[in-house]
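> Quick one: sequence and predicted model below, then my questions.
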Amino acid sequence: MDAIYAPKVALRPGLRIATAGSCFAQNIATYVRASSLTLVEAEPAPALMPQEIARRHGYGLFSARYGNVYTARQLRQLLEDAETATLHDEALWRRGDAWIDALRPNIEPEGFTSEAELCAFRRDHLRRVRAMFAETDVFVFTLGLTECWADRRTGRVFPTAPGVLGGHFDPNRHVFVNQSFAEVHEDLTEAIARMRRWNPDLKVLLTVSPVPLTATASGDHILSATTYSKSVLRAVAGEVAALDPDIDYMPSYEIITGPPFGARFYNDNLRTVTAEGVATVMSVFFGAHPELDGVPRPDGRITAPQTDPSQQEEFCEEALLEAFATQESAR
């Protein structure tokens, strides 16, 4: 396994690492925090908030409280908004009496109490995201999906379909988007270019999430939809990394999904990754950087053991589609 990853970007103790991406990327922050690297925590939880409550409110999962950033387009629009401090009316959703930030709908389980509160938290979040790159040496981004839902008028994309965690689905206003290689490539390269305008010395580490889709709006079978999505993301990540000496690719996707391992690194639901699988990926990663003093042993992991694959799902909007469908069927 040592031969699968030969890093272009050398890591050493103390380097400041910022993380973002899909559900699987939550594990990276956990391991970085326990290592000799320094995890950038631009949006920490309030001092007295218990850890489990903090995680349910989106704190500590990544370097900022952006929730899961599944697509390169989400990342690009987040950076654009952070640069201009822009809020968007189409991203202010209602769920009963609560207000939902449509661009990170899972960070407040009960929603915000008012539009003013939502907007205040959003502005603070964007300010922290913009400041985060000034103190980051390496930005780690995990690509998760090509599928997303967009506002037809503005092109604004959301991490989940309107009407699932909040808002109302309007077929005249909302459209399903399944991005092509060219679209993902353009979004990712533009996002990286923007980061480097803020921090010219920034290094980037790309990964692809091995977690398959649990639902698709493409009309294809879920296996075909997953294969398309992951193939595009893997090809884009490889292309972008190959053309830039300061962009690296870590093959976590290959390690978890590779034919030599069968389904060994998946829980019984064949979707969530086992703790052993995450540990294997991190062993390869840290093992390729001998200056980092070995593989860390974090106290808590996002991915649950084989007997309880539900722990990670709680922080993944896509997986909440299953719970939503179950609730609707029971009514």
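Yep, it's here.
> Quick one: residues in contact with the helix or strand where residue 236 lies.
Using DSSP states H and E, residue 236 maps to helix 222-242. If you take Cβ atoms under 8 Å, 6 or more residues apart in numbering as the criterion, helix 222-242 is touched by 8, 72, 143-147, 178-181, 184-185, 188-189, 192, 206-209, 212-216, 218, 220, 247-249, 253, 257. Where C-beta positions appear, they are placed from N, C-alpha and C, glycine not excepted.
> how about 7 Å then?
The contact list for helix 222-242 (Cβ atoms under 7 Å, 6 or more residues apart in numbering) reads 143, 145-147, 181, 184-185, 188-189, 206, 208, 212-213, 216, 218, 247-249, 253.
> Only whichever of the residues you listed are buried, select them in PyMOL.
Per 16 or more other Cβ atoms under 10 Å, the buried members of the contacts of helix 222-242 correspond to this PyMOL selection:
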select buried, resi 143+145+146+147+184+185+188+189+206+208+212+213+216+247+248+249+253
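> Give the burial count for residue 178, as a bare number.
18 (other Cβ atoms under 10 Å).
> what does residue 172 give?
Neighbours of residue 172 using other Cβ under 10 Å come to 6.
> Make sure I have this right: it is in a helix.
No: under DSSP: H, G, I helix; E, B strand; the rest coil, residue 172 sits outside any helix and is assigned coil.
> Strands along the stretch 201-331 of the chain, start to end?
203-208, 247-249 (DSSP state E, counting those that start in this stretch).
> Mean pLDDT added to the ones you listed, as JSON lines?
Below are the strands of the stretch 201-331 of the chain laid out as JSON lines (pLDDT from 0 to 100):
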{"stretch": "strand 203-208", "mean pLDDT": "98"}
{"stretch": "strand 247-249", "mean pLDDT": "97"}
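> To residue 19, which of those lies closest?
Across those, residue 19 has its closest neighbour in strand 203-208 (9.3 Å, Cβ to Cβ).
> In JSON lines: the strands of the stretch 201-331 of the chain, plus distance to residue 56.
Supplementary listing: these in JSON lines, determined by distance: least, Cβ to Cβ, whole Å:
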{"stretch": "strand 203-208", "distance to residue 56": "25"}
{"stretch": "strand 247-249", "distance to residue 56": "32"}
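> And those: which comes nearest residue 138?
From those, taking Cβ to Cβ, the stretch that ends up closest is strand 203-208, at 4.6 Å.
> And the contacts of that closest one?
9, 137-143, 192, 230, 233-234, 237, 240-241, 246-250, 252-253.
> which of the residues you listed count as buried?
Of those, these count as buried by 16+ other Cβ under 10 Å: 9, 137-143, 192, 230, 233-234, 237, 240-241, 247-250, 252-253.
> Just give me the neighbour total for the closest residue to residue 54 other than its chain neighbours.
Closest residue in space to residue 54, ignoring its immediate chain neighbours: residue 45 at 3.7 Å, by Cβ to Cβ, 6 or more residues apart in numbering. By other Cβ under 10 Å, 17 other residues sit near residue 45.
> before we move on, what about residue 12?
Neighbours around residue 12, by other Cβ under 10 Å: 12.
> Equivalent analysis for residue 59, please.
Residue 59, neighbours per other Cβ under 10 Å, totals 19.
> That one should be in a helix, yeah?
No: under three-state DSSP, residue 59 falls outside any helix and is assigned coil.
> show me the contacts for the closest residue to it other than its chain neighbours.
Sequence neighbours aside, residue 45 is the residue nearest to residue 59 in space, at 3.6 Å (criterion: Cβ to Cβ, 6+ apart). Residues in contact with residue 45 (Cβ under 7 Å, 6+ apart) are 54, 59, 60.
> ok now stretch 43-61, how far from the chain's centre?
Centre-to-centre, stretch 43-61 and its host chain are 17 Å apart (Cα atoms, centre = their mean, to the nearest Å).
> Okay, buried residues for that stretch please.
Taking 16+ other Cβ under 10 Å as the criterion, stretch 43-61 shows 43, 45, 54, 55, 56, 57, 58, 59, 60, 61 as buried.
> I figured the third one hits residue 60, correct?
Yes: using Cβ atoms under 7 Å, residue 54 is in contact with residue 60, at 5.7 Å.
> What ranges in the stretch 151-300 of the chain fall below the confidence cut-off?
300 (pLDDT under 70).
> Please enumerate the helices of it.
Taking DSSP state H, counting those that start in this stretch, the helices of the stretch 151-300 of the chain run over residues 181-198, 222-242, 252-257, 275-287.
> Turn those into JSON lines, columns for distance to residue 91.
Shown next, in JSON lines, are these (distance: least, Cβ to Cβ, whole Å):
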{"stretch": "helix 181-198", "distance to residue 91": "18"}
{"stretch": "helix 222-242", "distance to residue 91": "24"}
{"stretch": "helix 252-257", "distance to residue 91": "30"}
{"stretch": "helix 275-287", "distance to residue 91": "32"}
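> Quick one: closest of these to residue 107.
Once the helices of the stretch 151-300 of the chain are compared by Cβ to Cβ, helix 181-198 is nearest, at 20.7 Å.
> and the closest one, what does it pack onto?
helix 72-84, helix 222-242 (3 or more Cβ pairs under 7 Å, 6 or more residues apart in numbering; DSSP states H and E).
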